[in-house]
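J.: Dropping a prediction and its sequence here:
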Amino acid sequence: MLGEFNFIEHYLAARQPQRKDVHLALGDDCAIVNVPENVRLAISTDTLVAGTHFLANANPAWVAHKALASNISDLAAMGATPAWVSMALTLPEINPNWLDPFCGAFFDLANYYNVQLIGGDTTKGPLSITLTVQGFVPQDKALLRSGAKVGDWIYVTGQLGDSKAGLEVILDASKRALPCASVLESRHYVSTPRVLAGQALLNLASSAIDISDGLVADLNHILSASQVGASLDLHTLPLSEALVQYTGDPLIAQQYALTSGEEYELCFTVPEENKGSLASALAHTATPITCIGQIRPHGVFDLLNHGQKVDWSLTGYDHFKESA
């Protein structure tokens with residue numbers, strides 16, 4: 001059986017080209033990297049735990065993608081360019097049938113975004129993955145949650161709600177008979193970090209956040225940090241055909257879109273004067289965006305469907321109440 005150091009050599013080392021800004025990566029007590037001039041370093045850490053974020057018998061390639069994509073999404077929400085990642089991997093045992101697809105998918109995604117694994121830790125215990133990603137953002141240009149102003153327009157990337165439906169399929173075998181169940185299950189695990197979109201928004205958006213706890217919950221983080229309110233036009237929410245078929249009711253699909261966690265799309269606000277520049281700025285990213293509402297004065301939070309107020313009591317994803 002492989003020991004810790006043989007495991008690192010076999011599965012983690014020599015899997016990627018060396019970035020020019022990495023002086024020393026795996027194999028020593030610390031990594032040594034070079035930070036370019038006139039940039040800030042953006043850093044984010046997330047943990048995925050078996051039984052909370054994924055089932056222990058989930059496809060390990062999907063687990064790897066979800067772990068890294070969710071972290072890269074945090075950088076995208078700041079407008080940062082991903083650079084490096086460290087991984088702490090806790091395993092019950094060294095199982096090649098799990099590790100081969102996990103590492104294959106992990107490095108496929110890391111190489112796609114030019115993210116180099118520079119260090120971490122391995123230990124024996126209940127299955128969990130902790131990643132720390134680091135990236136560059138131009139000095140004083142980072143997208144924050146605190147810049148939204150009354151009158152700004154609210155946008156989201158992609159489509160919303162699929163991840164929540166996919167989680168239902170994962171947790172309830174009876175849901176597998178519903179339309180598009182297998183498609184939605186894969187969408188729960190396999191998201192697309194909106195890195196290029198985040199970079200394109202650096203000089204246009206007034207605030208941004210990635211949707212990890214549900215649109216309502218994450219938009220409220222922007223509203224709280226910016227001391228503003230919002231009104232949302234529910235009929236504009238971007239829904240996939242798969243979700244509408246699965247729920248069988250567009251209104252239920254809208255509720256999924258508002259509360260679905262682990263979507264890893266971006267929610268951002270744009271001043272009126274920048275609205276006309278969005279299409280050209282994002283043209284090279286192939287990222288679909290939808291205007292779903294507008295920032296209002298502090299204390300206002302209206303859900304509107306074709307101009308009529310909707311009285312829905314909705315909450316976001318809670319890791320202490322829901323598990324996958």
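T.: That came in fine, so what should we check first?

J.: Phe301 contacts Ile222, doesn't it?
T.: No - in this structure, Phe301 is not within contact of Ile222 by Cβ atoms under 8 Å, at 11.7 Å. The way it works is simple: take the backbone N, C-alpha and C, and place the C-beta from them, glycine included.

J.: So which of the two has more stuff around it?
T.: A side-by-side neighbour count of Phe301 and Ile222, using other Cβ atoms under 10 Å, places Ile222 first with 25 against 14.

J.: for the residue most central in space within the chain, helix, strand, or coil?
T.: For the chain, Tyr264 is the residue whose C-alpha lies nearest the centre (Cα atoms, centre = their mean; 2.7 Å). At Tyr264, secondary structure determined by DSSP: H, G, I helix; E, B strand; the rest coil is coil.

J.: That one and Tyr189 touch, don't they?
T.: No - checked against Cβ under 8 Å, the pair Tyr264 and Tyr189 is beyond contact range at 10.8 Å.

J.: residues contacting Thr290?
T.: 155-156, 236-238 (Cβ atoms under 8 Å, 6 or more residues apart in numbering).

J.: Pull the most distant pair out of these.
T.: Tyr155 and Leu237 (11.7 Å; Cβ to Cβ).

J.: what sits in contact with each of those two?
T.: 290, 292.

J.: For Gln139, give me its contacts.
T.: 38-40.

J.: With Ile295 instead?
T.: By Cβ under 8 Å, 6+ apart, the residues touching Ile295 are 148-154, 223, 226, 228-230, 269.

J.: can I assume it sits in a strand?
T.: Yes - Ile295: assigned to a strand according to three-state DSSP.

J.: residues near the residue nearest to it when sequence neighbours are not counted, how many?
T.: Nearest non-adjacent residue to Ile295, counting by Cβ to Cβ, 6 or more residues apart in numbering: Asp152, 4.3 Å away. Neighbours of Asp152 under the rule other Cβ under 10 Å: 26.

J.: swap in Ser128?
T.: So Ser128, with other Cβ under 10 Å, has 18 neighbours.

J.: Quick one: the helices in the stretch 101-250 of the chain, in order.
T.: Assigned by DSSP state H, counting those that start in this stretch, the helices in the stretch 101-250 of the chain fall at 162-171, 181-189, 195-200, 215-226, 241-247, 250-259.

J.: Quickly run through the sheet partners of the helix or strand hosting Thr90, with directions.
T.: For Thr90, the host element (DSSP states H and E) is strand 81-91. Take DSSP bridges as the rule and strand 81-91 pairs in its sheet with strand 116-124 (parallel), strand 128-138 (antiparallel).

J.: So which bits of the longest one are buried?
T.: Residues of strand 128-138 classed as buried: 128-137 (neighbour count, 16 or more other Cβ atoms under 10 Å).

J.: from those residues, which is closest to Asp210?
T.: Taking the buried residues of strand 128-138 together and measuring to Asp210 by Cβ to Cβ, the closest member is Val133, at 12.4 Å.

J.: so what's that closest one up against?
T.: 43-45, 68, 71-72, 74-75, 82, 84-85, 115.

J.: So among the residues you listed, which ones count as buried?
T.: Neighbour counting by 16+ other Cβ under 10 Å classes 44, 68, 71-72, 74-75, 82, 84-85, 115 among the contacts of Val133 as buried.

J.: Spell out which two among those residues are the most distant pair, please.
T.: Once Cβ to Cβ is applied, the buried ones among the contacts of Val133 give Asp74 and Trp84 as the farthest pair, at 13.7 Å.
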